[in-house]
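Q: Have a look at this prediction, sequence included:
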Amino acid sequence: MVARTFGSAVSGVDANLITIEVNVGQGTSFYMVGLPDSAVKESQQRVESALKFYGYRMPRQKVVINLAPADIRKEGSSYDLPIAMGILQASEQSFFPALEEYVIMGELSLDGKLRAIKGVLPIAIEARKRGFKGFILPKENAREASIVNKLDIIGVETLQEAIHFLEGKEEISPLVTDTRNIFYNSMEDYDFDFADVQGQENIKRAMEIAAAGGHNVIMIGPPGAGKTMLAKRLPSILPPLSLQEALETTKIHSVAGKLGPEASLVARRPFRSPHHTISDVALVGGGGNPQPGEISLSHNGVLFLDELPEFKRTVLEVMRQPLEERKVTISRAKISVDFPANFMLIASMNPCPCGFYNHPEKECVCGPGVVQKYLNKVSGPLLDRIDLHVEVTPVNFDEMTSEARSESSKSIRERVGRARERQLKRFNENADVHCNAMMPSHMVKEICKINQAGKTLLKTAMERLGLSARAYDRILKVSRTIADLNGSAEIRVEHLAEAIQYRSLDREGWAG
């Protein structure tokens, strides 16, 4: 007899429907075909042990399992449960009248308990798209899958529970989650707030500009000046995620297995801070079975690289293309996978190995040329993709001990939100551009027009400060964002003047 069950294979952040056909007939061998990897092939032992634990038997006949379509590679242990259900139906040990109405996924332990799996959210989205009644999966993953409405999410803890449900002997209520309620209740729940930061008003202003225009930032300053503290608070002033962005972000975290058993929708913008010993594959994604890297996990959020020059050169260079294209393409001989990577890059660094170059009180002990050599660890093309260079100085004692409360993240976020709304209206006809930082060069000339006084100021600044040509476009983009924050339709001289000060590393002779 032939039985059919349905599972799914995740490719990138999307899922493909997999039909699992089981045929039990004359003979004695066990065959599994359809491009399974080693983990899928090993399911025979797990399934046999789980069936025996509940008093069922593995057929001592010829068993052929086909995973279709055969040209898609099947990986992982999550096909255990659908294979077990197919074997029971095909060997006539059980009868499941509604077997083909459900997508079934789950890894079996030897005693028939179900373990959590990865990539549940894209599978649930595909199941609803294909018109299935429901999705049977491990109970630990049910909350995550219940984000998808119009699909019965049946969370089970054991193989026996799944069997009784499909036989109609046990009723399991589908898990229902009010996605919108979770989303709106969690979207403004931040761990850090700018109200806790004493002093550093100029750096807060730079962060506000960066958040308003989606600009990348590098902070240069001595140890203990507050660079990491400020970076951690940046997500709290970014505009809240839309429901669509939250679903996109949750899909990536689901595929990477980063959602806990109680997690459902990622309602806050991600903040990822990898250590400087990270490999290039871990940063951008990849591997034998391509998985999203840190830049994809920070999609719609912030990627913070602390001590930028300490990262390996190869690691930093692989970020150049994703920063431009806002996605990562992982290519293999038989597969090509796209992972989204629309993130804000926030980097921090000491100005020199000892950390005290340009310090107002302490003297730098680095030798001649050492400062420039240290800065050269970060390549020009990467710096070219960073709009704001901000010098951070230590907070003095009076500011540190002041009892005056700083402005809260909420009030800054409201200003940022209004600036982003202006940009959305401006780029309403251009689907690939959502904020000022994403403007290509031809659009900068059209949108960032400046008057004669502005041109004179910019020319003088470039000549006197020795600014490079690459600084020109960046200054115009940042000044457009400053104008948006001020509610101005035109870029005025004061907007340009403020933008010019955020190009420290472009100044001739900055490093001595």
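A: Received the coordinates, thanks.
Q: Stretch 364-382: which residues count as buried?
A: For stretch 364-382, a neighbour-count test (16 or more other CB atoms under 10 Å) marks 364, 366, 370-371, 374-375, 378, 382 as buried. C-beta: built from backbone N, CA, C; applies to glycine.
Q: before we move on, what about stretch 226-235?
A: Neighbour counts over stretch 226-235 (16+ other CB under 10 Å) mark 226-228, 230-235 as buried.
Q: ok, now stretch 140-151?
A: 140-148, 151.
Q: Among those residues, which ones are in helices?
A: 140-145 (DSSP state H).
Q: of all the buried residues of stretch 226-235, which comes closest to Arg115?
A: For the buried residues of stretch 226-235, the minimum distance to Arg115 (CB to CB) is 32.2 Å, reached by Pro235.
Q: quick one: low-confidence ranges for the stretch 301-450 of the chain?
A: Counting by pLDDT under 70, the stretch 301-450 of the chain shows low-confidence ranges at 397, 399-401.
Q: So which residues of it form helices?
A: Here the stretch 301-450 of the chain has its helices, by DSSP state H, counting those that start in this stretch, at 313-317, 320-325, 370-375, 380-383, 397-400, 409-426, 441-447.
Q: right, and Pro274 touches Ala282 too?
A: Yes. If you go by CB atoms under 8 Å, Pro274 and Ala282 touch, sitting 7.1 Å apart.
Q: Identify the contacts common to the two.
A: Common neighbours of Pro274 and Ala282 (criterion: CB atoms under 8 Å, 6 or more residues apart in numbering): Glu294.
Q: So which of these two has more stuff around it?
A: More neighbours surround Pro274 than the other of Pro274 and Ala282, with 20 against 16 (other CB atoms under 10 Å).
Q: give the contact list for Ala263.
A: For Ala263, the contact set (CB under 8 Å, 6+ apart) comprises 143-144.
Q: what's the distance between it and Asn486?
A: To Asn486, Ala263 is 39 Å away according to CB to CB, to the nearest Å.
Q: Going by neighbour count, which residues in stretch 418-432 are buried?
A: So stretch 418-432, judged by 16+ other CB under 10 Å, has buried residues 419-420, 422-423, 426-427.
Q: Any chance of a markdown table for those, columns distance to Ala453?
A: A markdown table is the format used below for the buried residues of stretch 418-432 (distance: CB to CB, whole Å):
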| residue | distance to Ala453 |
| --- | --- |
| Ala419 | 23 |
| Arg420 | 28 |
| Arg422 | 23 |
| Gln423 | 25 |
| Arg426 | 23 |
| Phe427 | 27 |
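Q: just these now: which is nearest Leu81?
A: Closest to Leu81, out of all of the buried residues of stretch 418-432 and judged by CB to CB, is Arg420, at 44.5 Å.
Q: and the residue lying closest to that closest one once chain neighbours are set aside, what does it touch?
A: In space, and not counting its chain neighbours, Arg420 is closest to Pro239: 5.1 Å by CB to CB, 6 or more residues apart in numbering. Pro239 makes contact with 211, 413, 416-417, 420, according to CB under 8 Å, 6+ apart.
Q: Glu245 too?
A: Listed by CB under 8 Å, 6+ apart, the contact partners of Glu245 are Asn300.
Q: what's the pLDDT at it?
A: On pLDDT, Glu245 comes in at 89.
Q: Shouldn't it be within a strand?
A: No. Read with DSSP: H, G, I helix; E, B strand; the rest coil, Glu245 is helix and lies in no strand.
Q: any idea how far it lies from Ser173?
A: The spacing between Glu245 and Ser173, counted by CB to CB, is 31 Å.
Q: returning to that earlier point: can you say which of the contacts of Pro239 are buried?
A: Neighbour counting with 16+ other CB under 10 Å marks 211, 413, 416, 420 as buried within the contacts of Pro239.
Q: Is the last one in contact with Cys435, as I believe?
A: Yes. With contacts counted by CB under 8 Å, Arg420 reaches Cys435, the gap being 6.5 Å.
Q: where do the strands sit along the stretch 101-250 of the chain?
A: For the stretch 101-250 of the chain, the strands defined by DSSP state E, counting those that start in this stretch cover 102-104, 107-108, 114-115, 134-138, 152-156, 217-220.
Q: Now do the first one, average pLDDT.
A: Confidence for strand 102-104, expressed as mean pLDDT, is 97.
Q: and if you look at the third one?
A: Averaging pLDDT along strand 114-115 gives 96.
Q: and that strand, which strands flank it?
A: Strand 114-115 has the following strand partners under DSSP bridges: strand 107-108 (antiparallel).
Q: just the fourth one next, same as before
A: Neighbouring strands of strand 134-138 in its sheet, by DSSP bridges, are strand 102-104 (parallel), strand 152-156 (parallel).
Q: still on that earlier bit, now for the helices of the stretch 301-450 of the chain, which one comes closest to Phe6?
A: Across the helices of the stretch 301-450 of the chain, Phe6 has its closest neighbour in helix 320-325 (34.5 Å, CB to CB).
Q: What residues does the spatially closest residue to Ser109 that is not a sequence neighbour make contact with?
A: Nearest residue to Ser109 in three dimensions, chain neighbours excluded: Arg115, at 6.1 Å (CB to CB, 6+ apart). Counting by CB under 8 Å, 6+ apart, Arg115 touches 77, 106-109, 138, 140.
Q: can those residues go into TSV with extra columns for distance to Ser402?
A: Output for these, formatted as TSV (distance: CB to CB, whole Å):
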residue	distance to Ser402
Ser77	57
Gly106	57
Glu107	56
Leu108	61
Ser109	58
Pro138	53
Glu140	48
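Q: List only buried entries from those residues.
A: Neighbour counting over those (16+ other CB under 10 Å) leaves 77, 106-108, 138, 140 as the buried ones.
Q: All good on my end, thank you.
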